[in-house]
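> give me the fold of what follows.
(one chain, ligands or ions: 3)
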Amino acid sequence: MPLLDGKEIRRKLAAARLYLCTDARTERGDLAELADAALAGGVDVIQLRDKNLEAKQELAALEVLAEACARHDALLAVNDRADIALAAGADVLHLGQDDVPVPWARRVLGEDVVIGRSTHSPAQAEHAAHEAGVDYFCTGPCWPTPTKPGRPAAGLDLVRFAAGQNFERPWFAIGGIDEARLGDVVEAGARRVVVVRAITEAEDPRAAAASIAARLRA
Ligand SMILES: Cc1ncc(COP(=O)(O)OP(=O)(O)O)c(N)n1
Ligand SMILES: Cc1nc(C(=O)O)sc1CCOP(=O)(O)O
Ligand SMILES: [Mg+2]
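Numbering: from 1, shown residues only. Ligands and ions are numbered 1, 2, ... in the order given. Okay, here's the model as predicted:
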């Protein structure tokens with residue numbers, strides 16, 4: 001069970017502007033430092049996205065992130081696996097189009113944990129905006145990205161589509177977004193973004209997060 005109740009998690013999600021996905025930084029051994037820097041800079045949600053971990057390693061990395069989120073009053077997200085989200089006491093589970101169906105994840109998690117969906121076309125975005133059990137969705141990739149090889153870019157047209165629909169559910173643009181491209185994403189209508197490399201590969205992750213967060217909140 002997450003520490004917060006579902007109402008509070010959803011309130012924080014609605015206010016969120018900047019969402020970070022990071023791997024466990026196993027080789028660098030600096031996950032806690034990265035998380036503290038990113039969260040101090042203004043990241044609102046942090047997701048562990050690391051496809052190379054066994055469940056035990058994933059839970060250990062999530063413990064590190066959970067402590068950082070508690071220090072900074074931020075939301076903790078798990079990728080793909082409802083069982084891991086439950087065991088970690090995460091606030092958020094993120095599911096892609098090929099992951100377990102939302103009703104299955106809800107059976108494991110109950111109602112408090114927020115569930116997000118990836119979308120790559122207007123039809124998927126429209127569906128995720130109304131699908132039962134879904135709380136937010138992402139549109140992307142805005143640009144081709146080495147972080148998600150083989151996923152063709154949906155481009156900014158998908159951001160423009162989502163922005164034009166006035167969906168009630170929060171949604172985030174994702175994929176290839178960095179400080180240089182942020183203006184284009186915002187101009188296309190996004191108010192929330194997800195990034196990976198723009199923070200994880202930044203020389204100064206706190207400054208990178210602070211700059212992106214300030215522009216999204218302006
Ligand atoms: C916040 C957020 N948005 C999108 C994704 C991508 O999910 P998915 O399409 O399932 O791809 P993987 O990340 O699982 O490779 C995400 N993880 N988080
Ligand atoms: C994990 C992921 N999902 C995407 C989607 O479109 O659903 S794009 C993406 C990778 C984003 O990484 P970066 O910020 O380094 O480009
Ligand atoms: Mg997935």
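
> what's the longest helix along the chain packed up against?
Ordering each helix of the chain by length in residues (DSSP state H) puts helix 55-72 first. If you count contacts as 3 or more Cβ pairs under 8 Å, 6 or more residues apart in numbering; DSSP states H and E, helix 55-72 packs onto helix 31-41, strand 45-48, strand 75-79, helix 82-88. In short, each C-beta sits where N, CA and C put it, glycine included.

> quick one: residues in contact with the last one.
So that's helix 82-88. Helix 82-88 is contacted by residues 1, 55, 58-59, 62-63, 66, 76, 78, 90, 92-93, 100, 104-105, 108-109, 113 when judged by Cβ atoms under 8 Å, 6 or more residues apart in numbering.

> which among those count as buried?
Neighbour-count burial (16 or more other Cβ atoms under 10 Å) applied to those gives 58-59, 62, 66, 76, 78, 90, 92-93, 100, 105, 109, 113.

> okay if I get the residues you listed as TSV plus pLDDT and distance to residue 9?
TSV is the format used below for the buried ones among the contacts of helix 82-88 (pLDDT from 0 to 100; distance: Cβ to Cβ, whole Å):
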residue	pLDDT	distance to residue 9
58	98	21
59	98	20
62	98	16
66	98	14
76	98	10
78	98	13
90	98	10
92	98	7
93	98	11
100	98	20
105	98	15
109	98	12
113	98	7
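
> name the nearest of those relative to residue 176.
Using Cβ to Cβ, residue 92 comes nearest to residue 176 of those, at 22.2 Å.

> which strand residues bridge that closest one?
Bridge pairing for residue 92 (DSSP bridges) gives the partners residue 77, residue 114.

> how close does it get to ligand 3?
Computed as Cβ to the ion, to the nearest Å, the residue 92 to ligand 3 distance reads 13 Å.

> same thing with residue 129?
Here residue 129 is placed at a distance of 19 Å from ligand 3 (Cβ to the ion).

> how about stretch 133-146 and ligand 3, any contact?
No: Stretch 133-146 lies apart from ligand 3 when judged by Cβ under 5 Å from the ion; the minimum separation is 10.7 Å.

> in this structure, which spans are helices?
Assigned by DSSP H, the helices in the chain fall at 6-15, 31-41, 55-72, 82-88, 102-109, 122-130, 156-165, 179-187, 197-200, 205-217.

> compare the ones you listed and give me the one nearest residue 139.
Of all these, it is helix 156-165 that lies closest to residue 139, at 4.6 Å by Cβ to Cβ.

> other SSEs contacting the closest one?
Judged by 3+ Cβ pairs under 8 Å, 6+ apart, the packing partners of helix 156-165 are helix 122-130, strand 136-139, helix 179-187.

> for residue 23, find the nearest of the helices of the chain.
Here helix 197-200 is closest among these (Cβ to Cβ), at 7.3 Å.

> what residues are up against the closest residue to ligand 1 within the chain?
At 1.9 Å from ligand 1, residue 96 is the closest residue in the chain, using Cβ to the nearest ligand atom. Neighbouring residues of residue 96 by Cβ under 8 Å, 6+ apart: 80, 117-118.

> identify, from those residues, the entry nearest to ligand 3.
Nearest to ligand 3 among the contacts of residue 96 is residue 80, at 4.3 Å by Cβ to the ion.

> burial measure for the closest one, as a count.
By the other Cβ atoms under 10 Å criterion, the neighbourhood of residue 80 contains 17 residues.
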